[in-house]
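Peer 1: Quick one, structure for this:
(2 chains)
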Protein chains: 2
Amino acid sequence: MFPDFFHHSVLLCATPFVSNSAIQSKAFFSLLPLRRDFSSASPATTAAATLFPPEMAAVASEETLRRTLAEKQAAVDSQAEAVRKLKTAGADKPEIEAAIEALKALKIESASAVKRLQAVVGGNGGSSGDREAFRQSVVNTLERRLFYIASFKIYRGVAGLYDYGPPGCAVKSNVLSFWRQHFVLEENMLEVDCPCVTPEIVLKASGHVEKFTDLMVKDDKTGACYRADHLLKDYCKDKLEKDVTLSAEKAAELKHVLAVLDDLSAAELGAKLKEYGITAPDTKNPLSDPYPFNLMFQTSIGPSGLSPGYMRPETAQGIFVNFKDLYYYNGNRLPFAAAQIGQAFRNEISPRQGLLRVREFTLAEIEHFVDPEDKSHSKFVDVADLEFLMFPRELQMAGESAKPMVLGEAVRKGTVNNETLGYFIGRVYLFLTHLGIDKERLRFRQHLPNEMAHYAADCWDAEIECTYGWIECVGIADRSAYDLRAHTEKSGVPLVAHEKFPEPREIEKLIITPSKKELGLAFKGNQKMVVEALEAMNERDALEMKAALESKGEVDFQVCTLGKSVTMTKNMVSISIEKKKEHQRVFTPSVIEPSFGIGRIIYCLFEHCFYTRPSKSEDEQLNVFRFPPLVAPIKCTVFPLIKSQKFDDTAKIISRSLTAAGISHIIDITGTSIGRRYARTDEIGVPFAVTIDSTSTVTIRERDSKEQIRVSIDEVASVVKEVTDGLSTWADIMWRFPTHSATHADED
Amino acid sequence: MFPDFFHHSVLLCATPFVSNSAIQSKAFFSLLPLRRDFSSASPATTAAATLFPPEMAAVASEETLRRTLAEKQAAVDSQAEAVRKLKTAGADKPEIEAAIEALKALKIESASAVKRLQAVVGGNGGSSGDREAFRQSVVNTLERRLFYIASFKIYRGVAGLYDYGPPGCAVKSNVLSFWRQHFVLEENMLEVDCPCVTPEIVLKASGHVEKFTDLMVKDDKTGACYRADHLLKDYCKDKLEKDVTLSAEKAAELKHVLAVLDDLSAAELGAKLKEYGITAPDTKNPLSDPYPFNLMFQTSIGPSGLSPGYMRPETAQGIFVNFKDLYYYNGNRLPFAAAQIGQAFRNEISPRQGLLRVREFTLAEIEHFVDPEDKSHSKFVDVADLEFLMFPRELQMAGESAKPMVLGEAVRKGTVNNETLGYFIGRVYLFLTHLGIDKERLRFRQHLPNEMAHYAADCWDAEIECTYGWIECVGIADRSAYDLRAHTEKSGVPLVAHEKFPEPREIEKLIITPSKKELGLAFKGNQKMVVEALEAMNERDALEMKAALESKGEVDFQVCTLGKSVTMTKNMVSISIEKKKEHQRVFTPSVIEPSFGIGRIIYCLFEHCFYTRPSKSEDEQLNVFRFPPLVAPIKCTVFPLIKSQKFDDTAKIISRSLTAAGISHIIDITGTSIGRRYARTDEIGVPFAVTIDSTSTVTIRERDSKEQIRVSIDEVASVVKEVTDGLSTWADIMWRFPTHSATHADED
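Peer 2: Below you'll find the predicted structure:
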């Protein structure tokens, strides 16, 4: 594995921001959704502490508040001491009383400083309680109406596993259909469907077997497992939020720890846990040292027990290993995109954050293969005028917020690396907003240098704000040639593209020939790493080395994988430029990968679509999901106004015409009041309700406006279809049909 | 596990056909597709040898042929001996020559008898070569056009794992969409989506942990694994097909072995392997004794290593464990159906039969919950008039073939157990034939008594004939209350339904109270099984026992789980009928389960849709898939007739209108001849091709008839949509537009 891993990573040295930990962490992998930890207010807090992401804007005032509080506290202490002294000294009663009054005043000031500090550290000025309450309403409704069910509930469930119940399943199926329409069909992508069971060799090549780990600690006595970074994070956040006596210096230290949390090695994490005396949360027992736990579900393929396999942690590898066939299928032409929708699995150590961090989830991934020398996109013009919230690296590092930017501008200025990446950012924006994601709570955040894998050219995450903070829901990464190269090396099958030249071309080629014998004599066991570092030099570095060797006879050479520089002499390597005639160019395509965490998108959608409104009698709050018809689990309900055979028969006629038109619907013939029945369907987000109050015409009610129109029975299906298919808006429809005022006795 | 398993199985004794092995075999489980082995010509050969399935109709003539051959061979031997004797005795040359002539004639007769026998045992009168050749053409086309790809091919693949490439993936997605439309939407089913990772306890309750096994043998030296029954089957089939010297008696024995193969215990299988001297096929090494290998992929949930889990072997359990919530969601009313589409996993010992027996596959399952006392179906009338091939138990046992039957008749006569089962048989028939399955090669076969689990009321398989024989693609089983009871017992959560009576009812209730003390004294360790058998008695048996105990003081009692009868005395059990007032009926619903092996249906569809036709020049055979538009991976191709900017622009305009109409299509602007391009899309089953030979009107060609019409550019999308959506037939369209005669220079 080692050489496969670092062969291309020697270039790393050139990029000062990129730390080795970026290679070792999961940021290394394709398919970002669900990977990193989002329970901090923003992933930007993972940036090095020397940077100032926007969430740190509150830092200054918090620090001031801590200092003020410390001063007030000191004043209280000294005044209390003064009171004691006066009492001991038998001072005058009025004098003592005055001193006590002063103490009281100081205590009030101090208490108020505590409150102000708590408001700041409690997050967003004390609104965290509101956020929690809102989340609780959403989640209660989702669970009660079976959008979600804790899997295997009758057996007390399994952490991190959830079922989609009927309305959730319908929403998911609608989201996936639209994804297929918006991406696969619209772009003629090659969709594939590969198994979840994956042999070890594939995930060795991708690096998952060795590197797809989280650091874990165990309760020394019970064996209970925890994520080491979570314990440290909880400790720091808890201290910062609740310990008002914390000194400003200590607070700054804890913040620094939070900021660099993802970059800490096992040893560093272990040292911090020890330093802070952190113990197992449930038992207070001591903890083991942190050690890596691989997050893949392992299994065995076939009966021999000799073929280890894993449940895939992402769907992308299934596409990469098929590159050759897919390239051929596409007529050996670039660019083209392949896509896959499917289950992925991550055996989280201790899943938290409910529906956002789960052990099995649906991914939809696109791998767009492109000539690295031409990343233009013929349809970029279609999205260039879009304007939405973007959060480039510079803004994050300057401590500013995301800003509306025109996509075409962002690409033209180089903020976004290339047109193809920009095109997908635009398409993702359209996809999410069509689903019903609020554009004010959607931003595209560029990865900071230390978040990106060394080979990546540029990465942007579509982040959606919900009660958990800004959640990464789609990762859009230009991964350059990394993945195809990794599989080429491991399998021995060249995953490359060809460009035939109309005429043969004379080409200058850099030839680097390390002398393994000399290098072996000089560097013994390190020879291999030196050879790899030499072979991976770019042209400029190689020619500089050649010149230096020729003039000085020896030169210092930095070998990243050794973490030091070595002295090269002339006999150790020969470097030359040769001229060759070539008939074609053979190259490894770059891949641009938009990767969608479907479950996360759906959860955020639930939050963005949820609202409450008072019932007509104003004695209760009614829940509503304002799903667009595209997403709504059921498009239409049919209610006979009163129990009657005639109306039930009419309902059946309407139901048949809706089925024929392919419109999902339900009939509710319960005797409940019509208002109750409306409330019940509003709560699962059904956009239209047909109420049967006669056998010739019926009313159609729109969920959010509660407006009603009257249409004849044989028009119902076509009207509902027109508006659910998006061919007409409700406003158009309102124009064409008579309005019906809600006189039903018991509406709302 | 033991009591859970046999508690309800004591009734078994009443049904003479049901052997214990049916409980122990995988026939025990829900979800029949992909379970049993289909490499024999028909599953009916698994019937006990005393029955005569239709495939055995050839037996008589085969036996006659074997006898004839043995006689002819004996005649040859005796004549050869005569010749030798004549030569030794120095007989006359003419006499010897005459004897030799006679010998030659006998040898010719014998050789002809060998040929006739070979033709019969080779299957379907020697057509097996044709079948193989046909399959090879289909599979070659499927692989070349990337309908399928061997998974992880660049790493030399993994047996039993396949990818769907772009056209295969599109077909699958179309089949699943139609399934959702035809079943879930049309019937208002409650669709759910549960994880694949499943904790052990769930699969213990269902019985999979203990019983979902195949018998395996290992090569004593290399450790290579084989399915024991496969080796025995291969040996028997090989002998029967190739060894013409086999005596009729031996042949009958081998056939008997094939017939009872699925019912053999590990010991019986082992004995047969020894008796026939069967060794490891690859090395001829000796084999281990057969032992059970569990077919589930095992894994571990969470990091502790203490929570075993499995990749689900079927999707049904996810529905059963949610019964309570789903029943509530449906307003506590029966009947209702829940459905699930998802991946399932079976770690086959050594997968064979290519795409039909795989280790990971997509299932679509329905669990229709119904009151066991009322299995009528309100929509049965909609399917009652359908007529198709049915193959009830009686026909199989009489050695006859499947016959066309009217579904309504079959239910009325009791051939099909109840209306709900019948309704689903009809709906499955409609589903499969709409997809393009040939109704002449589709039959509904009833399970024989020894194939059915003891609790099942009735089971029918939709079997589709392909080159592998009749393949079970959909299982439709009335599983009674088994699954809900199993989870009720294991979880302690009652999965039951309630029927409230309008008025309280007086009810006679059978009360069986075993005296555990007396039974313990009498039967020691067997006490538990006796208690369970007593408690499971039906009313008639219990009252008979009561009467016998009262008159005679003791009675013999058959305890199935002990495999013997015991003597019961009066003090061991009290039996009475008590009267009670009840306000509601609490009962475990029956479940009727149609379970679809999607991959198998798709493979059979590929075979049924494939044909070849000569090219215009008749110098080659062209492949065509006659997919209905519903299923076709791409609905339409767009070809500019010649390379021209004008035509390319027109192609783009048409492409945009097709995309807007949601019609999947591709543009082929390669310079190849139009005939080549038609052939290329015929080969992936694209039903319509739009050829651009002007910028105002274009032609549309239908794949199978090769007929063309001319339409204006702005009508293309609506015409194609109309006919792919099934709103019009091609014949309708042909009426409305001018026909275009294929004058394109190079149209086939």
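
Peer 1: contacts, neighbours, all on C-alpha from now
Peer 2: Will do.

Peer 1: hang on, A:V530 packs against A:G563?
Peer 2: No: contact criterion CA atoms under 8 Å: A:V530 and A:G563 do not qualify, at 11.2 Å.

Peer 1: Tell me, how many residues neighbour the residue in the stretch 451-600 of chain A that chain B sits nearest to?
Peer 2: Nearest to chain B in the stretch 451-600 of chain A, going by CA to the nearest CA, is A:S491, at a distance of 5.8 Å. If you count neighbours by other CA atoms under 10 Å in any protein chain shown, A:S491 ends up with 19.

Peer 1: which ones are touching it?
Peer 2: Taking CA atoms under 8 Å, 6 or more residues apart in numbering or on different chains, we find A:S491 in contact with B:154-155.

Peer 1: Show me which residues of the stretch 1-150 of chain A are close to chain B?
Peer 2: A:145-146 (CA under 8 Å from any CA of the partner chain).

Peer 1: Low-confidence ranges, the stretch 1-150 of chain A, go.
Peer 2: Along the stretch 1-150 of chain A, the parts satisfying pLDDT under 70 run over A:1-61, A:119-128.

Peer 1: what does the stretch 151-300 of chain A give?
Peer 2: In the stretch 151-300 of chain A, no residues with pLDDT under 70.

Peer 1: Mind doing that once more with 90?
Peer 2: The stretch 151-300 of chain A contains residues with pLDDT under 90 at A:185-188, A:211, A:223-224, A:234, A:237-265, A:281-282.

Peer 1: mind listing the strands for it?
Peer 2: Ranges of strands in the stretch 151-300 of chain A, per DSSP state E, counting those that start in this stretch, are A:162-164, A:190-192, A:197-199, A:213-218, A:225-227, A:291-294, A:298-300.

Peer 1: And the third one, how far out from the chain middle?
Peer 2: This means strand A:197-199. 25 Å (CA atoms, centre = their mean, to the nearest Å).

Peer 1: before we move on, what about the fifth one?
Peer 2: Strand A:225-227 sits 22 Å away from the centroid of its parent chain (CA atoms, centre = their mean).

Peer 1: Can you tell me which residues in the stretch 351-500 of chain A are near chain B?
Peer 2: Residues of the stretch 351-500 of chain A lying close to chain B (CA under 8 Å from any CA) are A:360, A:491, A:493.

Peer 1: Columns secondary structure and pLDDT on top of the residues you listed, output as a markdown table?
Peer 2: Converted to a markdown table, those look like this (DSSP: H, G, I helix; E, B strand; the rest coil; pLDDT from 0 to 100):
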| residue | secondary structure | pLDDT |
| --- | --- | --- |
| A:E360 | strand | 96 |
| A:S491 | helix | 93 |
| A:V493 | coil | 94 |
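
Peer 1: Adding distance to A:L435, write those residues out as a markdown table.
Peer 2: Putting these into a markdown table (distance: CA to CA, whole Å) gives the following:
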| residue | distance to A:L435 |
| --- | --- |
| A:E360 | 23 |
| A:S491 | 40 |
| A:V493 | 41 |
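
Peer 1: out of those residues, who's nearest B:P303?
Peer 2: Using CA to CA, A:E360 is the member of those that lies nearest B:P303, at 15.0 Å.

Peer 1: which residue ranges form the strands in the stretch 301-450 of chain A?
Peer 2: A:308-311, A:336-345, A:360-370, A:387-391, A:403-406, A:442-446.

Peer 1: what sits up against the fifth one?
Peer 2: The reference is to strand A:403-406. A:384-391.

Peer 1: and which of these is nearest chain B?
Peer 2: A:A384 (18.9 Å).

Peer 1: picking up where we left off before, and of the strands of the stretch 151-300 of chain A, who's closest to B:C169?
Peer 2: Short answer: strand A:190-192, nearest of the strands of the stretch 151-300 of chain A by CA to CA, at 5.7 Å.

Peer 1: The closest one pairs with which strands, parallel or anti?
Peer 2: Strands that pair with strand A:190-192, judged by DSSP bridges, come out as strand A:336-345 (parallel).

Peer 1: what about the partner strand, distance to the chain center?
Peer 2: Averaged C-alpha coordinates place strand A:336-345 at 16 Å from its chain's average position (CA atoms, centre = their mean).

Peer 1: got the CA positions of that strand in CSV?
Peer 2: Below are the C-alpha coordinates for strand A:336-345, written out as CSV (Å, rounded to 0.1, in the frame of the first residue of the first chain):
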residue,chain,number,x,y,z
PHE,A,336,-18.4,11.9,-20.3
ALA,A,337,-20.0,11.3,-16.9
ALA,A,338,-21.1,8.1,-15.2
ALA,A,339,-23.5,8.1,-12.3
GLN,A,340,-24.6,5.7,-9.6
ILE,A,341,-27.3,5.7,-7.0
GLY,A,342,-27.0,3.2,-4.2
GLN,A,343,-26.5,2.2,-0.6
ALA,A,344,-23.3,2.9,1.2
PHE,A,345,-22.2,1.8,4.7
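
Peer 1: for chain A, which strand is longest?
Peer 2: strand A:497-514 (DSSP state E).

Peer 1: for the stretch 301-450 of chain A, which spans come out with low pLDDT?
Peer 2: In the stretch 301-450 of chain A, residues with pLDDT under 90: A:304-306, A:350-357, A:396-400, A:448-450.

Peer 1: want to try a markdown table for the strands of the stretch 151-300 of chain A, with mean neighbour count and distance to A:F134 as columns?
Peer 2: Output for the strands of the stretch 151-300 of chain A, formatted as a markdown table (neighbours: other CA atoms under 10 Å in any protein chain shown; distance: least, CA to CA, whole Å):
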| stretch | mean neighbour count | distance to A:F134 |
| --- | --- | --- |
| strand A:162-164 | 23 | 21 |
| strand A:190-192 | 25 | 39 |
| strand A:197-199 | 24 | 39 |
| strand A:213-218 | 22 | 31 |
| strand A:225-227 | 21 | 28 |
| strand A:291-294 | 18 | 35 |
| strand A:298-300 | 22 | 38 |
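
Peer 1: a markdown table please, covering the ones you listed and showing distance to A:V83.
Peer 2: As requested, the strands of the stretch 151-300 of chain A are arranged in a markdown table below (distance: least, CA to CA, whole Å):
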| stretch | distance to A:V83 |
| --- | --- |
| strand A:162-164 | 61 |
| strand A:190-192 | 80 |
| strand A:197-199 | 75 |
| strand A:213-218 | 50 |
| strand A:225-227 | 49 |
| strand A:291-294 | 54 |
| strand A:298-300 | 68 |
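
Peer 1: Number of residues surrounding A:R626?
Peer 2: Quick note: A:R626 (other CA under 10 Å) scores 23 neighbours.

Peer 1: quick one: contacts for the closest residue to it other than its chain neighbours?
Peer 2: Computed as CA to CA, 6 or more residues apart in numbering or on different chains, the closest residue to A:R626 that is not its neighbour in sequence is A:C609, at 4.8 Å. With contact taken as CA under 8 Å, 6+ apart, A:C609 is in contact with A:436-437, A:624-627.

Peer 1: Between all of those residues, which two are separated the most?
Peer 2: Every pair of the contacts of A:C609 checked by CA to CA; the farthest is A:I437 and A:V624, at 15.5 Å.

Peer 1: Quick check: buried residues in the longest strand of chain A?
Peer 2: A:497, A:510, A:512, A:514 (16 or more other CA atoms under 10 Å in any protein chain shown).

Peer 1: What helix or strand is the most centrally placed residue in chain A located in?
Peer 2: In chain A, the residue lying closest to the centroid (CA atoms, centre = their mean) is A:E472, at 2.3 Å. A:E472 belongs to strand A:469-478 when assigned by DSSP states H and E.

Peer 1: Check which helices and strands that strand sits against.
Peer 2: helix A:419-435, strand A:458-466, strand A:590-597, helix A:598-609 (3 or more CA pairs under 8 Å, 6 or more residues apart in numbering or on different chains; DSSP states H and E).

Peer 1: again, only using 10 Å
Peer 2: strand A:360-370, helix A:419-435, strand A:442-446, strand A:458-466, strand A:590-597, helix A:598-609 (3 or more CA pairs under 10 Å, 6 or more residues apart in numbering or on different chains; DSSP states H and E).
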